[in-house]
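Novice: Okay, sequence plus prediction incoming.
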Amino acid sequence: MKYILTITFYLFSLFLLGQEPTSTTFFKPYPENFAVKHAVEIEGIVPVYFTGGYSVGLGYRYKKVRLRANVLNGGTFNIENTGIENSATTFKRFYLTAPSIYLGLNVWRNLEVYTFLEFQNFNIMQRSTEVKKSLKSTDTGLGIGYQLFIGRYFYIQPGVQLNVRAKNALAFSGATYQIPTQDVSFVLRVGVRLWKKF
């Protein structure tokens, strides 16, 4: 009898766990946002708007895969301070307008890992003379971020990414600028899901 009751409770609990919710709320929509089969999203990296820059990205999601295209201008934000092996004491480095492409994979719920190609166009300024020169670079690397949805349409995506690039240098008056071969960037994207299909 004890075994029959144990098996009955076990089967009943499996039945309850197998039931899907049929109602939806603002904070717990059903189906959940990560279960989308097709979606179109628009987003931007928020901090650059506070430094006179802009960022606009358009993405398409098919199940767990997301492809995004982005254009970024960093305004007056000095990216040199984030380099791993930088020359921040003698130079400043700014993002000029440049495109990028991202390919991401949802590995768990809304947790995304991604790789990218960023066709960078940097403005390098020597601090002592304020002379500026342009430097182009093709960056690649890996990133991770989490899409935190607020309701069905809006989301915030904090993340971190590692940019890797080839060695390059610029000659200035009495000094040479060596661009860091690696940068670590903390990013905060805000976006809207314009269209979806479950």
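Specialist: That came through, no problem.

Novice: Figure out the helix or strand that the nearest residue to Tyr49 once chain neighbours are set aside lives in.
Specialist: Leaving out its chain neighbours, the residue that sits closest to Tyr49 by Cβ to Cβ, 6 or more residues apart in numbering is Ser55, at 7.6 Å. Just so you know, the C-beta spots here come from the backbone N, C-alpha and C atoms, and that holds for glycine as well. Assessed by DSSP states H and E, Ser55 sits inside strand 54-62.

Novice: Run the chain-centre distance for that strand.
Specialist: 10 Å (Cα atoms, centre = their mean, to the nearest Å).

Novice: again with stretch 187-198
Specialist: Per Cα atoms, centre = their mean, the centroid offset for stretch 187-198 relative to its chain is 12 Å.

Novice: can you check stretch 65-84 too?
Specialist: Relative to its parent chain, stretch 65-84 has a centroid offset of 10 Å by Cα atoms, centre = their mean.

Novice: Same check on stretch 114-123?
Specialist: Distance, centroid of stretch 114-123 to centroid of chain: 12 Å (Cα atoms, centre = their mean).

Novice: who's in contact with that stretch?
Specialist: With Cβ atoms under 8 Å, 6 or more residues apart in numbering as the test, stretch 114-123 has contacts from 66, 79, 93-105, 132-145, 161, 163, 165, 179.

Novice: hmm, back to that, thought Leu72 was touching the residue nearest to Tyr49, still the case?
Specialist: Yes - assessed by Cβ atoms under 8 Å, Ser55 is found in contact with Leu72 at 4.6 Å.

Novice: Find residues that contact each of those two.
Specialist: The contact sets of Ser55 and Leu72 overlap at Ile45, Val48 (Cβ under 8 Å, 6+ apart).
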